[in-house]
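Undergrad: here's my sequence, what's the structure:
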Amino acid sequence: MHYFFQFSGIHAFLVGVLPFFMPTLLWQQGYRLTEIALFIALSGLAYLFTLRVWENLRSGKGSVWAVRASFLTELLLVAGLLFFQQQAGSGVTGLILLAILNGIYGCFYWMAQRLLFKSISHSWNSGQHFGNFQILVAVMLKIGIVAGAVLLEQSSFSILFMLSALISSVGVARTLKKKVVVEIDRAFSAPLTRFTEVFRFRDSFGSRGVFFADGLFLFLESYFWTLSLYFINRESLLELGGMMVVLAIAVAVLFKLVQTFIDRMAAIRLFRLAIILYAFSWLLRGVVDEALSTQQQYAVILVIAFLTSLFRLSFNKVFFDRSDKTNTHAYLLLKSYCSQLGVALLFMVTALFLHQVKPPLEALQAVYFIASILALVYFRYSWQSATVRADRAAMNEKILS
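TA: Next up, the predicted model:
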């Protein structure tokens, strides 16, 4: 098995045990939606500044340590979350420190994951590999969520930390194997790319603007939608965990049925269809509430989960396939720089918007309706202008050579 899948599976379990519950834990500590939005914005800024540290470490002789740091910073985040929980919140200072930890961990985790994935994928198999990745993550994440929900409900904080420490140790231990070190070095081998070089990049796909918007959607999916499900499940972590397990099984089955067709289809056509369905999924999020029966809730949420996963698969296939056509590492860095800048700025705007709308579920539904329109920005990434100016092409060739 490629180390990428081992890395992803271990991290998915670790995320499920505690970091998955971060938005709900913040809510339990009395922080409102506006403050959670600001927390996300600060996490984006911390991620953005950590990118330079990560890039220097990766491009030097510390590629293996760049991977190990993803496990160590995640364990540090877990420790911070548990301390935060036991102290019943720590005011503004605690929120800022936790956001910084979250951003640092996010940088080490996501950058390592993207480079490891790119090292094993090509245009003819990226859809298949990403589909397998989504199924693996769904299963391991939900196993972690069940364990985390039970332990959190019992306030078993010391067991949560020891479990996270044990799994993190396993993750670090895997990097001691020579075969894994070779795989990591190969995946991380690229010259140092500077911040200024990344932001001088232009292409006819509108990559920078689309990546900027993508940061907003990634956190709407992982933080705000999780909060919506928490509210729908009567603010019960156990019920939330149970719902996520049922959804994971259903989505995994659906994906197993369709993933083999992904690489056979025209990637751009699938992507355009997925964008429409993704925008529709945000409309559906805007209508899910406690008034629906349990059966209706599960049915609608299952559709949302499947459409979101299909979009993420098709978007990532197009993204990784396009990264093959330029300097791959610089393009992956461009994605992180732009998306995290988008997270920082757009969630500050979201915080201002949420400050005006008081009932939490209604406020989130309003955000989802706006998101359904904004999602159409991804169409910009699905086409290329008929003519690309020669000077722009020459500049990109010089920048990314």
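
Undergrad: center of this structure, which residue is that?
TA: residue 218 (5.6 Å; C-alpha atoms, centre = their mean).

Undergrad: mind checking how far that residue is from residue 179?
TA: 32 Å (C-beta to C-beta, to the nearest Å). Any C-beta I mention is one placed from the backbone N, CA and C, and that applies to glycine too.

Undergrad: what of residue 272?
TA: 40 Å.

Undergrad: repeat for residue 63
TA: From residue 63 to residue 179 the distance is 15 Å (C-beta to C-beta).

Undergrad: which one of those two is surrounded by more residues?
TA: It is residue 63, of residue 63 and residue 179, that has more neighbours when counted by other C-beta atoms under 10 Å, with 21 against 9.

Undergrad: so what's residue 244 scoring on pLDDT?
TA: With respect to pLDDT, residue 244 has a value of 79.

Undergrad: residue 27 reaches residue 230, doesn't it?
TA: Yes. Contact criterion C-beta atoms under 8 Å: residue 27 and residue 230 qualify, at 7.1 Å.

Undergrad: quick one: the helices in the stretch 201-350 of the chain?
TA: 207-219, 225-232, 237-262, 267-285, 294-323, 328-356 (DSSP state H, counting those that start in this stretch).

Undergrad: what residues of the helix or strand residue 168 falls within count as buried?
TA: Per DSSP states H and E, residue 168 falls inside helix 157-174. Within helix 157-174, the residues that qualify as buried by neighbour count (16 or more other C-beta atoms under 10 Å) are 157, 160, 161, 163, 164, 167, 168, 171, 172, 174.

Undergrad: again, but for stretch 225-237
TA: 225, 226, 227, 228, 229, 230, 231, 232, 233, 237.

Undergrad: from these, pick the one nearest residue 293.
TA: Nearest to residue 293, judged by C-beta to C-beta, of the buried residues of stretch 225-237 is residue 232 at 11.8 Å.

Undergrad: just for this protein, where's the confidence low?
TA: 1, 88-90, 122-131, 255-266, 384-401 (pLDDT under 70).

Undergrad: dump the buried residues of stretch 225-237 to CSV, plus distance to residue 330.
TA: Formatted as CSV, those follow (distance: C-beta to C-beta, whole Å):
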residue, distance to residue 330
225, 31
226, 32
227, 35
228, 36
229, 37
230, 39
231, 41
232, 42
233, 43
237, 41
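
Undergrad: from these, which is closest to residue 49?
TA: Among those, and counting by C-beta to C-beta, the member closest to residue 49 is residue 226, at 25.5 Å.

Undergrad: how far away is that closest one from residue 329?
TA: Counting by C-beta to C-beta - residue 226 and residue 329 are separated by 31 Å.

Undergrad: can you check residue 277 too?
TA: In terms of C-beta to C-beta, residue 277 sits 31 Å off from residue 329.

Undergrad: between these two, which one's more packed in?
TA: residue 329 (24 against 17).

Undergrad: name the nearest residue to that one, ignoring sequence neighbours.
TA: Of all residues not flanking residue 329 in the chain, residue 190 sits nearest, at 3.7 Å (C-beta to C-beta, 6 or more residues apart in numbering).

Undergrad: the one you found is in contact with residue 331, isn't it?
TA: No. Counting by C-beta under 8 Å, residue 190 sits too far from residue 331 to count as a contact (10.7 Å).

Undergrad: neighbour-wise, which of those two wins?
TA: residue 331 (23 against 16).

Undergrad: in space, what's closest to that one - neighbours in sequence excluded?
TA: Distances taken as C-beta to C-beta, 6+ apart place residue 323 nearest to residue 331, at 4.3 Å, with adjacent residues excluded.

Undergrad: before we move on, what about residue 165?
TA: That would be residue 75: by C-beta to C-beta, 6+ apart, it lies 6.0 Å from residue 165.

Undergrad: now the one you found: how far from residue 151?
TA: 16 Å.

Undergrad: for residue 383, same thing?
TA: 48 Å.

Undergrad: cool, and residue 250?
TA: 25 Å.

Undergrad: tell me which of the two has more neighbours.
TA: residue 151 (19 against 16).

Undergrad: show me what contacts that one?
TA: Going by C-beta atoms under 8 Å, 6 or more residues apart in numbering, residue 151 touches 17, 157, 159, 160, 163.

Undergrad: which among the residues you listed gets closest to residue 37?
TA: residue 17 (24.6 Å).
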